[in-house]
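Participant: coords below, sequence missing:
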């Protein structure tokens, strides 16, 4: 990938709200995660349920190239099946561009390690995943390299 494309993607990831939809595991409220930000309300809800880490994942648009809705839905179903087969819980989520020009249905997975998140992101040809640990900031972790924010 060219440096120009990588820079543009990185800027797009930074200009995204990562929305975890309301669910009992996250305190029955919606959380909007941001790269580089702390999320104390989410941390409190996760800690109360015994989780110390989390990941925000999608299977939509592999290699950051738009795909038809049916293809994205099929890929997302495979991601959900993989996570459930590993005995994990996946909560409904969506990544939404700040300018509302695009969105990607996603999953929020409590208890996933950084390495596991990268592995799953790589399986679905994703450029990056959002990962975090309780009391830390949300990290944009590039699947194809060591770039980290």
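Facilitator: Sure, I can see it. All values derive from a computational prediction rather than experimental measurement.

Participant: Going by neighbour count, list what's buried in the helix or strand bottoming out on mean pLDDT in the chain.
Facilitator: Lowest on mean pLDDT, DSSP states H and E among the helices and strands of the chain sits helix 3-14, with a mean of 84. When burial is assessed from 16 or more other CB atoms under 10 Å, helix 3-14 yields the following buried residues: 6, 10, 12-13. C-beta: built from backbone N, CA, C; applies to glycine.

Participant: any idea how far that helix is from the chain center?
Facilitator: 16 Å (CA atoms, centre = their mean, to the nearest Å).

Participant: and that helix, what other elements does it pack with?
Facilitator: strand 139-142 (3 or more CB pairs under 8 Å, 6 or more residues apart in numbering; DSSP states H and E).

Participant: Secondary structure class of residue 122, three-state.
Facilitator: helix (DSSP: H, G, I helix; E, B strand; the rest coil).

Participant: who's in contact with it?
Facilitator: Shown in contact with residue 122 (CB atoms under 8 Å, 6 or more residues apart in numbering): 143-144.

Participant: Distance of it relative to residue 59?
Facilitator: Look at residue 122 and residue 59: by CB to CB, to the nearest Å, they are 12 Å apart.

Participant: Provide the partner residues of the spatially most central residue of the chain in its beta bridges.
Facilitator: Nearest to the mean C-alpha position of the chain, by CA atoms, centre = their mean, lies residue 56 at 2.1 Å. With DSSP bridges as the criterion, residue 56 is bridged to residue 108, residue 130.

Participant: pretty sure it contacts residue 108?
Facilitator: Yes. Residue 56 is within contact range of residue 108, at 5.5 Å (criterion: CB atoms under 8 Å).

Participant: Show me the common contact partners of those two, please.
Facilitator: By CB under 8 Å, 6+ apart, the residues touching both residue 56 and residue 108 are 20, 93.

Participant: Serialize the buried residues of helix 3-14 to CSV and add fields for distance to residue 102.
Facilitator: Shown next, in CSV, are the buried residues of helix 3-14 (distance: CB to CB, whole Å):
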residue, distance to residue 102
6, 18
10, 15
12, 8
13, 12
